[in-house]
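*Asks:* Any chance you can model this:
(one chain, ligands or ions: 1)
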Amino acid sequence: MSDNKEIWVFIEQYHNEVADVSWELLGEAAKLAPAIKAKTAAIILGKNINTFVKETIAYGADKVYTIDNPILGDYQTETYSKAFLKLAKKYKPEIILLGATITGRDLASAVATKLETGLTADCTALEINEETKFLWQTRPAFGGNVMATIICKLKRPEMATVRPRVMEMPTADFKREGEIIREYFTLDEESLLARVLDFIPADNTDAAQIEKAEIIVAAGRGIGSADNFGLLRELADLLGADIGVSRPLVEMGWMPYSHQVGQTGKTVRPKLYLAVGISGAVQHLAGMRNSEVVIAINKDPEAPIFQVADYGIVGDLFVIVPELINAVKALKSQSEG
Ligand SMILES: Cc1cc2nc3c(=O)[nH]c(=O)nc-3n(C[C@H](O)[C@H](O)[C@H](O)COP(=O)(O)OP(=O)(O)OC[C@H]3O[C@@H](n4cnc5c(N)ncnc54)[C@H](O)[C@@H]3O)c2cc1C
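*Replies:* This is a model prediction of the structure:
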């Protein structure tokens, strides 16, 4: 274990566009740091990466380690993990946080294996235990039926991945100052096992981006059939909301997976989450419990969704949703008139 107390956050970027989860994790690192008197540090690997170093400091990094090399232009497990390991072995961070994205998951496991340390994937909460100073890494376990808190007692660094939108987005402060440490890295391109020849982005034009939505109208099995979506769409359109769904609706083919909220779907953090005919199983709650305001409509007063709801309406959605639609229409015409 090292005395060099730094909490590292991997800044994930593609062609200089940073994934928001990196900023969310910098915000979280800044919250954890005082408990172990650590500094927060960002790790930026890539090609021509200077453009967002300042932004990284603004979002909470005390230090920024960079490796700017054309060989890191496109993400590859081999190049990125070797570059990351070079930094980790030299500077020995206490904690490393990465986004639980396709890239973050891949890199985290490669780095953890080489460092022979533990890695907790998909954490939903992180905390430094006051007494032991261990990082308490909480995540759903056994199909989401229990929340397990995991610690890494004997090895350092402690490593965790966290899904986008689980942690709060910090506010950027462009007056912050930080230290920039530029490191170098050489690798014989010929020695690489794989090379990126071309990058063809996935066609995501139809994929819902509900993780960024400010208002979500979410439907559960209570809506009865795919034909009843019209009602929810009308409400969603009036509110300028996106549509979310529970998993059974995706399994029945009523909605594409990109709309699924929950442990095996997306994590969302809207200002308003309107849960319609959703029971509130733990696996669903895992994806939406950080919403600012939750309104639940359910005919069963004992439905678990009411335990996380700020406002609950007990009743038949086919009566309540049309009433809500009329009320929103009336409010809109009042404000227009
Ligand atoms: C490993 C694993 C991962 C999972 N991942 C996810 C996930 O990511 N996301 C997810 O959502 N689920 C997930 N699930 C499934 C989860 O356990 C639940 O089965 C699911 O969330 C239930 O969906 P629901 O609330 O729509 O349906 P139900 O539990 O069937 O609830 C329907 C609700 O609608 C109400 N209702 C019925 N009719 C009306 C009406 N006319 N008006 C008002 N209310 C009405 C009922 O009272 C009931 O509460 C996962 C399960 C496992 C095992």
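
*Asks:* Give me the distance between the residue nearest to T66 when sequence neighbours are not counted and the ligand.
*Replies:* If the residues on either side of it in the chain are set aside, T66 comes closest to I44, at 4.7 Å by CB to CB, 6 or more residues apart in numbering. Backbone N, C-alpha and C define where each C-beta goes, glycine included. In this view, I44 and the ligand are 32 Å apart by CB to the nearest ligand atom, to the nearest Å.

*Asks:* where are the low-confidence patches of the chain?
*Replies:* Per-residue confidence for the chain (pLDDT under 70) gives these ranges: 1-4, 204-206.

*Asks:* what does it put close to the ligand?
*Replies:* Within the chain, the positions near the ligand by CB under 6 Å from any ligand atom are 143-144, 220-222, 246-248, 260-265, 277-279, 281, 283-284, 287, 297-300, 303, 316-318.

*Asks:* Mind doing that once more with 5 Å?
*Replies:* By the criterion of CB under 5 Å from any ligand atom, the positions of the chain lying close to the ligand are 143, 220-222, 246-248, 262-265, 277-279, 281, 283-284, 298-300, 303, 316-317.

*Asks:* For this structure, just list every one of the helices.
*Replies:* Taking DSSP state H as the criterion, the chain contains helices spanning 20-32, 53-58, 77-91, 102-115, 229-239, 247-251, 282-288, 305-308, 317-336.

*Asks:* G262 and V282 touch, don't they?
*Replies:* No - at 9.1 Å, G262 and V282 do not qualify as touching, with contact defined as CB atoms under 8 Å.

*Asks:* The two - which one has more neighbours?
*Replies:* Between G262 and V282, G262 has the larger neighbour count (other CB atoms under 10 Å), namely 25 against 16.

*Asks:* count of neighbours near the residue lying closest to that one once chain neighbours are set aside?
*Replies:* The spatially closest residue to G262, leaving aside those adjacent along the chain, is G287, at 3.9 Å (CB to CB, 6+ apart). Counted with other CB under 10 Å, the neighbours of G287 add up to 29.

*Asks:* dump the residue contacts of the residue of the stretch 51-200 of the chain found nearest the ligand.
*Replies:* The minimum distance from the stretch 51-200 of the chain to the ligand, using CB to the nearest ligand atom, falls at G143 (3.9 Å). Taking CB atoms under 8 Å, 6 or more residues apart in numbering, we find G143 in contact with Q283.

*Asks:* try 10 Å
*Replies:* With contacts defined as CB atoms under 10 Å, 6 or more residues apart in numbering, G143 is in contact with 263-264, 282-283.

*Asks:* What of G27?
*Replies:* By CB under 10 Å, 6+ apart, G27 lies in contact with 9, 40, 59-60, 167-172.

*Asks:* Please narrow these to those residing in strands.
*Replies:* When strands are assigned by DSSP state E, the members of the contacts of G27 inside them are 9, 40.

*Asks:* Pull out the buried members of the contacts of G27.
*Replies:* 9, 40, 59-60, 167, 170, 172 (16 or more other CB atoms under 10 Å).

*Asks:* Need phi/psi at the residue in the stretch 201-337 of the chain positioned nearest to the ligand.
*Replies:* In the stretch 201-337 of the chain, the residue that lies nearest the ligand is G262 (2.2 Å; CB to the nearest ligand atom). Geometry field for G262 lists phi and psi as phi 140, psi -170, criterion degrees, to the nearest 10.

*Asks:* and if you look at R165?
*Replies:* Dihedral angles phi and psi of R165 (degrees, to the nearest 10) take the values phi 80, psi 0.

*Asks:* That concludes my questions; thank you for your assistance.
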